[in-house]
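# Structure of the sequence below:
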Amino acid sequence: MAFVNALPLTRPATNVSNTSFVSSRPTPTARRTPVLHPTMSIEQYQDELIATANKIASPGKGILAVDESTKTIGKRLASIGVENSEANRQGYRGLLFNCAGLGDYISGAILFEETLYQDSAEGKPFVDCLNNIGIIPGIKVDKGLSPLGNAASFETWCTGLDGLAERAAAYYKQGARFAKWRAVLQISDSTPSKISIQENTWGLARYARTVQDAGLVPIIEPEILMDGDHPIARTAEVQEEVLAAVYKACDMNGVLLEGSLLKPNMVVPGSDFAGSTSPEEIGTYTVRTLERRVPSAVPGIMFLSGGMSEEEASVNLSAMNKIDRKGPWSLSFSYGRALQQSCLKTWMGKPENVSDAQQALLARARANSQANLGKYKKGSEPSLDALGTFEKGYKY
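A predicted model of the protein is given here:
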């Protein structure tokens, strides 16, 4: 990328609260005028951040999201009659991270903190297992959702900024090279509220800059839940407003866009919407929204599946990649449930099913690799997930 060395990509963020009172009149020597100093640590990692973001957004590749909390993965295991023990979690993750050939379709894997520091049953660090098959380890860094005051009863803000700089440095040392932070917004007649948009987008930007200072590429995830009966046009309207606020906040915080990734939802109608929507319509609305709001400097847009079935997630992604677009970004995937459902149902907690479960995982990874290229044909890869995994108010 020739432009990288041609001009500086970072600049000090403006702290409005510290500068708004500064006058142009001479300042008495007894009074100290605030001086803004650029944070230098992001410059140390600039080239690495850009290289990592572009590698994750490589053509034909996407992200495997395995960052479920211990409680949430317990629900997954319970669905196949398996106890939520550390040994069973370790066994399932070992199945995923030792899958030969997975790195042909998956460029990164988002991990929960337990997994980042966990070894396989054979005593090999999972970070090493991933690196050995060409997959970059990442880490979920937010601490979950909390009720938002002066907002609708169901609106939330995302916690985890306290101590994030220190945690991010430790995660980098452990081998993580990117991070994820999930903020959640919800559509109703009166929401998302202005304060919800402001709080959640500012939190995303603060997180992004903080982890970049520690060498981690931030995945910025402003998820708009599918809950509701609103039409697709309403989702598009809200998505545009939210993305505009995200990138305004990123600019104010000096986020290096070339070293970041976006993880939005596809533009779809509410889950209770009475009408039907085609993959082509979803693709058209989604691409238009991105063209209007996402800077071209961002190398990759890695969609969340939001409870779609495995097949829906692949078909919709492929449809949008067939559309001519102005933006240069890769439109790819960061799927959790929409990559793992068939694999999980095939495994059933039985060692003798590991090989077949890995083949099921490879089939869905291959499907989404083709979808990223706009070449996936519906039904061309097997799936045991016909109904999808949508949950109202989904929490990790």
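
# so residue 121 touches residue 93, yeah?
No. With contact defined as Cβ atoms under 8 Å, residue 121 does not reach residue 93; the gap is 9.9 Å. Any C-beta I mention is one placed from the backbone N, CA and C, and that applies to glycine too.

# Looking at these two, which is more packed in?
More neighbours surround residue 93 than the other of residue 121 and residue 93, with 22 against 11 (other Cβ atoms under 10 Å).

# where's the more buried one, which helix or strand?
Using DSSP states H and E, residue 93 sits within helix 86-97.

# Now that helix - C-alpha only, CSV.
Output of helix 86-97 as CSV, limited to C-alpha atoms (Å, rounded to 0.1, in the frame of the first residue of the first chain):
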residue,chain,number,x,y,z
GLU,A,86,-14.2,-26.8,31.3
ALA,A,87,-13.2,-30.2,29.8
ASN,A,88,-16.2,-30.1,27.4
ARG,A,89,-15.6,-26.5,26.4
GLN,A,90,-11.9,-27.4,25.9
GLY,A,91,-12.9,-30.4,23.8
TYR,A,92,-15.2,-28.4,21.5
ARG,A,93,-12.8,-25.6,21.0
GLY,A,94,-10.0,-28.1,20.3
LEU,A,95,-12.2,-29.5,17.5
LEU,A,96,-12.5,-26.1,16.0
PHE,A,97,-8.9,-24.9,16.3
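
# what sits up against it?
Residues from elsewhere that reach helix 86-97 (Cβ atoms under 8 Å, 6 or more residues apart in numbering): 64, 66, 70, 73, 77, 82, 102, 109, 114-115, 118-122, 126, 129-130, 133, 135, 340, 343-344, 347, 349, 351, 354, 357-358, 361.

# out of these, which are inside helices?
Among those, the members falling in helices (DSSP state H) are 70, 73, 77, 114-115, 126, 129-130, 340, 343-344, 347, 354, 357-358, 361.

# Only the buried members of these: can you turn that into a PyMOL selection?
Listed next is the PyMOL selection for buried residues among the ones in helices among the contacts of helix 86-97, using 16 or more other Cβ atoms under 10 Å:
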select buried, resi 73+77+115+126+129+130+340+343+344+347+354+357+358+361
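
# which among the ones in helices among the contacts of helix 86-97 gets closest to residue 212?
residue 130 (21.5 Å; Cβ to Cβ).

# I'd say the closest one and residue 106 touch.
No. Checked against Cβ under 8 Å, the pair residue 130 and residue 106 is beyond contact range at 9.2 Å.

# what about residue 248, which SS state?
Three-state call for residue 248 (DSSP: H, G, I helix; E, B strand; the rest coil): helix.

# which residues does it contact?
residue 201.

# switch the cut-off to 10 Å
Neighbouring residues of residue 248 by Cβ atoms under 10 Å, 6 or more residues apart in numbering: 201-202, 205.

# for residue 56, same thing?
62-63, 106-108, 135-136, 138, 177-178, 217, 219, 261, 299-300, 302, 330, 332, 334.

# Mind doing that once more with 7 Å?
63, 107-108, 136, 178, 261, 300 (Cβ atoms under 7 Å, 6 or more residues apart in numbering).

# Mind jotting down where the strands sit in the chain?
62-66, 106-111, 136-140, 145-147, 156-158, 178-185, 217-224, 261-262, 300-303, 330-335 (DSSP state E).

# right, and those - which one's nearest residue 54?
The nearest among these, by Cβ to Cβ, is strand 300-303 at 7.8 Å.

# Which strands border that closest one, and is each parallel or antiparallel?
Next to strand 300-303 in the sheet, as set by DSSP bridges, lie strand 261-262 (parallel), strand 330-335 (parallel).

# will you turn the contacts of residue 56 into JSON lines that also has distance to residue 236, neighbour count and pLDDT?
As requested, the contacts of residue 56 are arranged in JSON lines below (distance: Cβ to Cβ, whole Å; neighbours: other Cβ atoms under 10 Å; pLDDT from 0 to 100):
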{"residue": "63", "distance to residue 236": "24", "neighbour count": "31", "pLDDT": "99"}
{"residue": "107", "distance to residue 236": "28", "neighbour count": "24", "pLDDT": "99"}
{"residue": "108", "distance to residue 236": "28", "neighbour count": "30", "pLDDT": "99"}
{"residue": "136", "distance to residue 236": "32", "neighbour count": "21", "pLDDT": "99"}
{"residue": "178", "distance to residue 236": "28", "neighbour count": "29", "pLDDT": "99"}
{"residue": "261", "distance to residue 236": "21", "neighbour count": "30", "pLDDT": "99"}
{"residue": "300", "distance to residue 236": "21", "neighbour count": "27", "pLDDT": "99"}
